[in-house]
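# Take this sequence and fold it.
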Amino acid sequence: MKKALFTIVNNERLTPTVWRMTLRGPAEAVTASGQFVDIALPGRFLRRPISVCDAEGDTLTLLYKVVGGGTEQMAAMPPGGTLDILTGLGNGFDTAPAGESPLLIGGGIGGAPLYLLAKKLLAEGKKVRAVLGFNGADEVIYVDEFRALSCDVTVATADGSLGVRGFVTDALPEEYSYYYACGPEPMLRAVWEKAAGPGQLSFEERMGCGFGACMGCTRETLNGPKRVCKDGPVFRKEEIVW
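Okay, here's the model as predicted:
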């Protein structure tokens, strides 16, 4: 974990509710896809945890959804401003068991940390497929970016306005060597129940401190209580208890 000041390079709207913020600063503490940062916002007591979409050199890319006052405040921040950020938080995805043809499964904004994971898997010579799910075509994000990496991408929309009609579980391919999933908990549970074989799931959770001190984001596992911020947010499929 490292605390540092980052400069906002760009802050742009991608959909009616999703924004992309590009930051420049000491990003070396981000060492794995699936990790997150914790952002201090002026006038607010708790930091905002946001997963890392991309990290390259001294540049971080974050995707965030405007769902309340804190993220509304972030959306109004212009380039040139600075943010106090804790980086390198959480345990990320482990690519060791990925096999030759891993599958990435993202629901909405949950697709964000899978982008950096895709880059790592491709660099390791894997053939990467992705299934990205959204409510409708107006919420679709980062499909072109995944395809630009040479990922085979399938889109699912609940209303059928783009790609496969239904949820990500309706668009799963028959064959893959391993899976990685990130998204809202109902989606993760559906994937856990339907997807064949082993995998890893990244959970979203309300957090107090973001580094394991307050125990506020604890969830039960087969190995006892685990903190999403410190022991996760990524957990192996076989250790999850619903």
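# which residues sit in contact with the closest residue to residue 63 other than its chain neighbours?
Distances taken as CB to CB, 6 or more residues apart in numbering put residue 112 closest to residue 63, at 4.0 Å, once the chain neighbours are dropped. Quick note: C-beta positions are derived from backbone N, CA and C, even for glycine. Contacts of residue 112 were listed using CB atoms under 8 Å, 6 or more residues apart in numbering, and they are 51, 52, 53, 62, 63, 106, 142, 182.
# Are we agreed that residue 112 is in a helix?
Yes - assessed with DSSP: H, G, I helix; E, B strand; the rest coil, residue 112 lies in a helix.
# contact partners of the helix or strand hosting residue 130?
For residue 130, the host element (DSSP states H and E) is strand 129-134. Outside strand 129-134, the residues within contact range by CB under 8 Å, 6+ apart are 101-108, 111, 114, 118, 140-143, 146, 151-158, 162, 167-168, 171-173, 176, 183, 187.
# Could I get the phi/psi values of the closest residue to residue 99 other than its chain neighbours?
Nearest residue to residue 99, sequence neighbours excluded (CB to CB, 6+ apart): residue 177, at 2.6 Å. As for residue 177, its main-chain torsions (degrees, to the nearest 10) stand at phi -90, psi -20.
# and what of residue 185?
phi -60, psi -40.
# Return the subset of the contacts of residue 112 lying in strands.
51, 52, 53, 62, 63, 106, 182 (DSSP state E).
# would residue 138 count as being in a helix?
Yes - counting by three-state DSSP, residue 138 is part of a helix.
# Check what pLDDT residue 186 gets.
The pLDDT attached to residue 186 in the predicted structure is 97.
# go on, residue 207?
On pLDDT, residue 207 comes in at 63.
# Equivalent analysis for residue 65, please.
pLDDT, residue 65: 97.
# Report the spatially closest residue to it, excluding sequence-adjacent ones.
residue 109 (4.7 Å).
# Neighbours of the one you found, how many?
25 (other CB atoms under 10 Å).
# Now tell me which helix or strand of this protein has the poorest mean pLDDT.
Using mean pLDDT, DSSP states H and E, strand 218-221 stands out as the lowest-scoring helix or strand of the chain, at a mean of 88.
# Which residues belonging to stretch 75-86 are considered buried?
By neighbour count on 16 or more other CB atoms under 10 Å, the buried set for stretch 75-86 is 75, 77, 83, 85, 86.
# Could you work out the most separated pair of the contacts of residue 112?
Across the contacts of residue 112, no pair lies farther apart than 62 and 106, at 15.3 Å, counting by CB to CB.
# who's more crowded, the two?
Taking other CB under 10 Å, residue 62 and residue 106 do not tie; residue 106 has more neighbours (28 against 24).
# ok, the residue nearest to residue 99 - contacts?
For residue 177, the contacting residues are 98, 99, 100, 101, 102, 103, 197, by CB under 8 Å, 6+ apart.
# gap between it and residue 50?
As judged by CB to CB, to the nearest Å, residue 177 and residue 50 stand 30 Å apart.
# circling back: filter the contacts of strand 129-134 to the buried ones?
For the contacts of strand 129-134, a neighbour count by 16+ other CB under 10 Å gives the buried set as 101-108, 111, 114, 118, 140-143, 146, 151, 153-157, 162, 167-168, 171-172, 176, 183, 187.
# CA atoms only for the helix or strand following the strand holding residue 130, dumped as CSV, please.
Sequence order places helix 143-148 as the next helix or strand after strand 129-134, per DSSP H and E. The C-alpha atoms that make up helix 143-148 are tabulated as CSV, following Å, rounded to 0.1, in the frame of the first residue of the first chain:
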residue,chain,number,x,y,z
VAL,A,143,-16.1,-3.7,-25.7
ASP,A,144,-13.9,-2.0,-28.4
GLU,A,145,-11.0,-1.8,-26.0
PHE,A,146,-11.1,-5.5,-25.2
ARG,A,147,-11.3,-6.3,-28.9
ALA,A,148,-8.4,-4.0,-29.6
